[in-house]
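>>> I need the structure of the sequence given here:
(chains A and B)
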Amino acid sequence: KQEVTQIPAALSVPEGENLVLNCSFTDSAIYNLQWFRQDPGKGLTSLLLIQSSQREQTSGRLNASLDKSSGRSTLYIAASQPGDSATYLCAGGRYNTDKLIFGTGTRLQVFP
Amino acid sequence: GAVVSQHPSRVICKSGTSVKIECRSLDFQATTMFWYRQFPKQSLMLMATSNEGSKATYEQGVEKDKFLINHASLTLSTLTVTSAHPEDSSFYICSARTGHQPQHFGDGTRLSIL
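Residues are numbered from 1 along each chain as shown, chains lettered A, B, ... in the order given. Model (predicted):
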């Protein structure tokens, strides 16, 4: 049973488009949400962390929101570039544990 | 800051070999380290959590005698895959954190068992 799901699984767009990546979770114990980027064969780079008391975070062209009541988070990428091509993973942190629960990922390709 | 180094980045070895992977926090003391496994085109699955100086806590379905984890210092944890077989081939990623701060991830180790 997948507790954190991401839609779409894959996305291919021309550069310049604004993108929305979705993350949904069923576990009510998830209290914060983190977005990561993973390049092929590499580890994870943290992009944004939304704490339990926050609803959104912004960094440059990236904006992430969190709605715990509906179990959803959204990563918005403005003016996409070929360098944004990677897999994007969301991960939820659980109350009273050290664990991060990772989503299934969205593979993004931005072509020139 | 908050750099995590993982070594080696790639290992290719014969079936039956034991393989050790190191995870180091370079500029902070890691009270907790995590080991994940990632199969192709799948997400990261937590294998175990280790706190410095104590035994690792393994996730359900992960064999502790197969995947030996040692966290002997605040900057180093090792994962040893004992008697590795082709089904153990995967991408292994560690992460480290201090206290309840966010986890910082290594670059991963690609393990291929022939």
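>>> Kindly report the residues of chain A close to chain B.
Residues of chain A found near chain B (C-beta under 8 Å from any C-beta of the partner chain) are A:4, A:34, A:36, A:41-46, A:49, A:89, A:91, A:98-100, A:102-105, A:107. (Glycine included, C-beta is placed from N, CA and C.)
>>> Of the residues you listed, keep whichever come out buried.
By neighbour count, with 16 or more other C-beta atoms under 10 Å in any protein chain shown, those hold A:4, A:34, A:36, A:42-44, A:49, A:89, A:91, A:98-100, A:102-105, A:107 as buried.
>>> Now go through the residues you listed and say which are in strands.
Among these, the residues falling in strands (DSSP state E) are A:4, A:34, A:36, A:44, A:49, A:89, A:91, A:100, A:102, A:107.
>>> Surely the first one is in contact with residue A:101?
It refers to residue A:4. Yes. Using C-beta atoms under 8 Å, residue A:4 is in contact with residue A:101, at 5.2 Å.
>>> So for these two, which residues contact both of them?
A:25, A:27, A:30, A:91, A:92 (C-beta atoms under 8 Å, 6 or more residues apart in numbering or on different chains).
>>> Just the buried residues out of those, in PyMOL syntax.
To isolate the buried members of the shared contacts of residue A:4 and residue A:101 in PyMOL, using 16+ other C-beta under 10 Å:
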select buried, chain A and resi 25+30+91+92
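>>> with the shared contacts of residue A:4 and residue A:101 in mind, which one is nearest to chain B?
residue A:91 (7.9 Å; C-beta to the nearest C-beta).
>>> wait, what's in contact with the closest one?
By C-beta under 8 Å, 6+ apart, the residues touching residue A:91 are A:4, A:33, A:34, A:35, A:36, A:100, A:101, A:102, A:103, B:44.
>>> and the two most separated of these?
Spanning the widest gap among the contacts of residue A:91 are A:33 and B:44, at 15.1 Å by C-beta to C-beta.
>>> of the two, who's got more company?
residue A:33 (30 against 27; other C-beta atoms under 10 Å in any protein chain shown).
>>> coming back round to it: could I get the ones in strands among the buried ones among the residues of chain A next to chain B as CSV with pLDDT and distance to residue B:24?
Converted to CSV, these look like this (pLDDT from 0 to 100; distance: C-beta to C-beta, whole Å):
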residue, pLDDT, distance to residue B:24
A:4, 91, 29
A:34, 94, 22
A:36, 96, 20
A:44, 91, 17
A:49, 92, 23
A:89, 96, 23
A:91, 95, 22
A:100, 90, 20
A:102, 93, 23
A:107, 96, 30
